[in-house]
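Visitor: Turn this into a structure:
(one chain, ligands or ions: 1)
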Amino acid sequence: MNDTQKILQALLADLDIAVFLCESRTDTQVLVFQPIGMLPDWCTWFLPVPVFTTESELSLPELTEVFPYLDVFIPDAEALWREALWRDNQTTRLNSGLWTQTDNEGKDQQLEAIALKIRDKDILVLVNLSQTYGERQRIYQRAREIALVNEQLIYQLNQKQRRLQSLLVEKLHQSPDLTNLDENIRDCASAVLICKPDGEVEVMNRALVNIYKVTNTGDTQQQSLLDKWLKEAESQYPEIKRVVDTGGYWEGEFESRNDMGETIWIRLAIGPVLDDRGALMHYICIANDISSFKKSGDEIKKLTDYDFTTQLPNRRHFWRKLTKLIDHCMHAKSHLSIIYIDLDHFKRINDTLGHHAGDYLLNTIATRLARCIKQEDFIAHLGGDEFAIILPKVRLSADLNKIATRLLNAINQETRIEEVSLNINASVGIASYPKDGLDATTLMKRADLAMFQAKELGRARFQAFHENMEYDFSKKVQLENDLHKALNENQFDLHYQPQVCTGKDHYLRMEALIRWEHPTEGKVSPAAFIPIAEDSGLIQEIGHWVLKTACATAKQMVRRGLNVVVAVNVSAHQIKHPDFQNLVETVLKDNQLPAQHLELEITESILMQELDMAVIMLKKLRRLGVSISLDDFGSGYSSLNYLKQLPVDILKLDRSFIHELPFNEESQKITTSIISLAHGLGIKVIAEGVENQDQADFLIENNCDYMQGYLFYYPVTSDHIISVIETLSPSQPP
Ligand SMILES: Nc1nc2c(ncn2[C@@H]2O[C@H](COP(=O)(O)O[C@H]3[C@@H](O)[C@H](n4cnc5c(=O)[nH]c(N)nc54)O[C@@H]3COP(=O)(O)O)[C@@H](O)[C@H]2O)c(=O)[nH]1
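Guide: Residues are numbered from 1 along each chain as shown. Okay, here's the model as predicted:
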């Protein structure tokens, strides 16, 4: 073994990962996996017999037998390796996400697979994250145990103090001159002080001297002890003086200082001794040093109140703090605001770069956010990609806007992880006490609602809560319930909008657009219900229905000799479904529709959310023979740079540019540049939302391939589309 191999070996052992080089056997068409370095123990525990050696090779069936989850992952990984989705020597990777698998010893292991293409090498990495999880669990468990023990000990101490109090009161009643008391308290572990109502010391024991490291046992020093305790406890317990002065029983714990000036925590009970007529004779004070409990309590607090990844206060800590501050505001008649931050598309980072990269990013952002706020503010990491800040003194919207802008800018600074440069954004919601809510739950709910609205409005922005949001939200919940019924009760219909060709084409094109006739609300726009269907998961069923219906209509037209292409809108959630390709294939087969008559329309933002995955799926779909169009091009991420890697046939220019044609110079330039760039890459262009002749003239003049809009046709029902399509001449410009 040479030095480099030794270093690699040590590195792998340190990282606790299993690495395989993947080669394809041309004779068998089967992938073989050759372990690089020794495999870690957890990996070999999955094997029935220890067959791994550094030189051994594993064939695909063997590896997928050992880790059945790889069955699903390997085809995608293979596509990544085979189709060289890597550019200019950059590394490309695909993460499987975590899965749990039970090893031969019956232990659950949390595993993640990563497919990597490094230069020309195909690498499969298996990472075991169980240790990190285990460590976390152990720490929390230990914290719970310490907390439990502490609680029990404090309880026992209380009982002991109370028993001693009543015993001493009894003794004092039996012999009011304090004789024989000494022997009851001399060797007692609790510190005991019996004093007159004015604080003058009558009896004290050795434990008190020890706890307070008393050097001067003269009267003057001891006389002030009761006074000292009252003063020390007063900031935490404002009632203590009143209770003691009026002869009440008091107990509690607070920070005190011994005669050496050291800080100690004591638990103190002060009880009165009254004579037969109810007059105050003595005070009995019993104190215990609880500093060691407090110390482990602080440790517990650190473990249970702080987030493991960012070291910021966690959700539990945040709620306690918020409740306490609201209480304070209520009494002081003051106000506070909360800022709720949710990172945009954070999951994408975890999925593509791995959990370690995600944790690194969270840490970086936590540090940046903490730098943006004042000392009196409170920041917490609520978990996942959510942070929250309490601003105890801020209420004016101008100030809140300034702070939110500062936070957004801090988040959006460039972060470099490995070789990748990231610019993450966040959606931010704001709510204030008492304007938006009088308790922590309402306030957080409303800040969350405002954050949600910021997401809906396009992310990377902040939004303050206003009352309408709650109404909008309940309306959405209602629509979601109704959507469940809509499919079963045939409330959906599909309309079609023809797309006209500006040059020569032998296809007649149209876009399928879903319509919903709600039984009480009337027509509900797809722009309103598609996002709800996406959030609730219903989009899979609805999307399936749209695909089936559109293909059936297209087949009817093909049968009549019409050479049509029907474009079907596909949501991000459908594309991400691993079965989507099979579903499209089945629908085409069931309708006996040749694939060239179907086009799938996806939005630009889908691609950017999970670029590698989406590209793999689009390539699979294209292999079936369907064409792909990219909707709303230019409206979102608009990176012309990635266009050359995308397997698309058609770009749909976003209607916002067309709307401003032909007079807005910027829109002119964008439109003409996109058209020429697309043509340069062999991609055709459709302009959407064409509403007047000036726009059409400009687009024809600048070689736009197709146009769609109310100038030509509104979407028409399925009953009418055939007759409309029949009037379209495939080779004539409008
Ligand atoms: N996932 C799915 N999404 C769908 C489906 N059906 C529709 N949609 C998406 O909903 C959004 C709103 O659609 P809709 O209200 O149907 O509006 C479409 C056209 O009616 C409208 N249009 C067409 N011409 C013009 C015009 O000249 N001016 C103008 N203001 N609007 C016009 O544009 C919408 C089509 O847009 P696009 O898809 O971007 O080409 C919309 O985002 C739909 O995509 C579905 O089945 N599944």
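Visitor: give me phi/psi at R416?
Guide: phi -110, psi 130 (degrees, to the nearest 10).
Visitor: how many other residues sit next to it?
Guide: For R416, the count of nearby residues is 10 (other Cβ atoms under 10 Å). The C-beta positions use only the backbone N, C-alpha and C, and glycine is treated the same way.
Visitor: Repeat that for I326.
Guide: Neighbours of I326 (other Cβ under 10 Å): 21.
Visitor: hang on, isn't it packed against L336?
Guide: Yes. Using Cβ atoms under 8 Å, I326 is in contact with L336, at 7.2 Å.
Visitor: shared neighbours of those two, anything?
Guide: Residues touching both I326 and L336 (Cβ atoms under 8 Å, 6 or more residues apart in numbering): Y433.
Visitor: so after the lengthiest helix in the chain, what's the next helix or strand?
Guide: What stands out as the longest helix in the chain, according to DSSP state H, is helix 130-174. Once the chain leaves helix 130-174, the next helix or strand it forms, by DSSP states H and E, is helix 182-185.
Visitor: now for that following helix, which elements pack on it?
Guide: helix 130-174 (3 or more Cβ pairs under 8 Å, 6 or more residues apart in numbering; DSSP states H and E).
Visitor: could you measure the nearest residue to K644 once chain neighbours are set aside against K652, distance?
Guide: Leaving aside its chain neighbours, K644 sits nearest to L681 (5.8 Å; criterion: Cβ to Cβ, 6 or more residues apart in numbering). L681 sits 15 Å away from K652 when distances are taken as Cβ to Cβ, to the nearest Å.
Visitor: What of M330?
Guide: For M330 relative to K652 (Cβ to Cβ), the value is 54 Å.
Visitor: Compare those two (neighbour count), which wins?
Guide: More crowded of M330 and K652, by other Cβ under 10 Å: K652, with 27 against 13.
Visitor: where's the helix or strand hosting the more buried one relative to the chain centroid, distance-wise?
Guide: Assigned by DSSP H and E, K652 falls within strand 650-653. For strand 650-653, the separation from the chain centroid amounts to 32 Å (computed by Cα atoms, centre = their mean, to the nearest Å).
Visitor: got it, and stretch 208-216?
Guide: Using Cα atoms, centre = their mean, the offset of stretch 208-216 from its chain centre is 54 Å.
Visitor: go on, stretch 205-214?
Guide: 54 Å.
Visitor: How about that stretch, which residues are buried there?
Guide: Judged by neighbour count using 16 or more other Cβ atoms under 10 Å, the buried positions of stretch 205-214 are N205, A207, L208, I211, Y212, V214.
Visitor: Show the contacting residues for the residue of the stretch 151-300 of the chain found nearest the ligand.
Guide: Going by Cβ to the nearest ligand atom, the ligand is nearest to I300 of the stretch 151-300 of the chain, at 49.8 Å. Taking Cβ under 8 Å, 6+ apart, we find I300 in contact with A143, I146, A147, N150.
Visitor: Would you confirm that the last one contacts K295?
Guide: No. N150 sits out of contact with K295 when judged by Cβ under 8 Å, with a separation of 10.2 Å.
Visitor: in stretch 101-117, what's buried?
Guide: In stretch 101-117, counting by 16+ other Cβ under 10 Å, buried: Q101, D103, Q109, Q110, L111, E112, A113, I114, A115, L116, K117.
Visitor: ok, which pair from those is furthest apart?
Guide: The most widely separated members of the buried residues of stretch 101-117, counting by Cβ to Cβ, are D103 and K117 (28.9 Å).
Visitor: Against which helices or strands is the strand or helix carrying K475 packed?
Guide: Using DSSP H and E, K475 maps to helix 468-488. Applying 3+ Cβ pairs under 8 Å, 6+ apart, we find helix 468-488 packed against helix 440-456, strand 508-518, helix 526-536, helix 539-559.
Visitor: Could you name the helices and strands sitting against the next helix or strand after the first one?
Guide: The C-terminal neighbour of helix 440-456 among helices and strands, as given by DSSP H and E, is strand 461-464. For strand 461-464, the packing partners by 3+ Cβ pairs under 8 Å, 6+ apart come out as helix 397-411, strand 426-433, helix 440-456.
Visitor: Tell me how far the helix or strand containing the residue of the stretch 151-300 of the chain closest to the ligand lies from the chain's centre.
Guide: Secondary structure assignment for I300, by DSSP H and E: helix 291-305. From the chain centre to the centre of helix 291-305 is a distance of 29 Å (Cα atoms, centre = their mean).
Visitor: Equivalent analysis for stretch 568-581, please.
Guide: That offset, for stretch 568-581, works out to 23 Å (Cα atoms, centre = their mean).
Visitor: Apart from its neighbours in sequence, what residue is nearest E585?
Guide: Distances taken as Cβ to Cβ, 6+ apart put L624 closest to E585, at 5.8 Å, once the chain neighbours are dropped.
Visitor: if I pick the residue nearest to N692 when sequence neighbours are not counted, what's in contact with it?
Guide: Leaving aside its sequence neighbours, N692 sits nearest to L711 (Cβ to Cβ, 6+ apart; 6.0 Å). Residues near L711 by Cβ under 8 Å, 6+ apart: V690, E691, N692, Q693, Q695, A696.
Visitor: what's the neighbour count on the closest residue to P578 other than its chain neighbours?
Guide: Using Cβ to Cβ, 6+ apart and skipping the chain neighbours, the partner closest in space to P578 is V72 (6.8 Å). When neighbours are defined as other Cβ under 10 Å, V72 has 13 of them.
Visitor: thinking V72 is in contact with A113, fair?
Guide: No. Look at V72 against A113 with Cβ under 8 Å: they stay out of range, at 9.8 Å.
Visitor: Count the neighbours of the closest residue to A143 other than its chain neighbours for me.
Guide: In this structure, A143 finds its nearest non-sequential neighbour in L303, 4.0 Å apart by Cβ to Cβ, 6+ apart. Neighbour count for L303, taken as other Cβ under 10 Å: 16.
Visitor: Could you pull up the residues touching I539?
Guide: Shown in contact with I539 (Cβ under 8 Å, 6+ apart): I530, A533, S571, H573, Q574.
Visitor: Just the pLDDT for the closest residue to the ligand within the stretch 51-200 of the chain.
Guide: Nearest residue of the stretch 51-200 of the chain to the ligand: D76, at 23.4 Å (Cβ to the nearest ligand atom). Per-residue confidence at D76 stands at 81 (pLDDT).
Visitor: ok, now how distant is S718 from the ligand?
Guide: With distances taken as Cβ to the nearest ligand atom, to the nearest Å, S718 is found 13 Å from the ligand.
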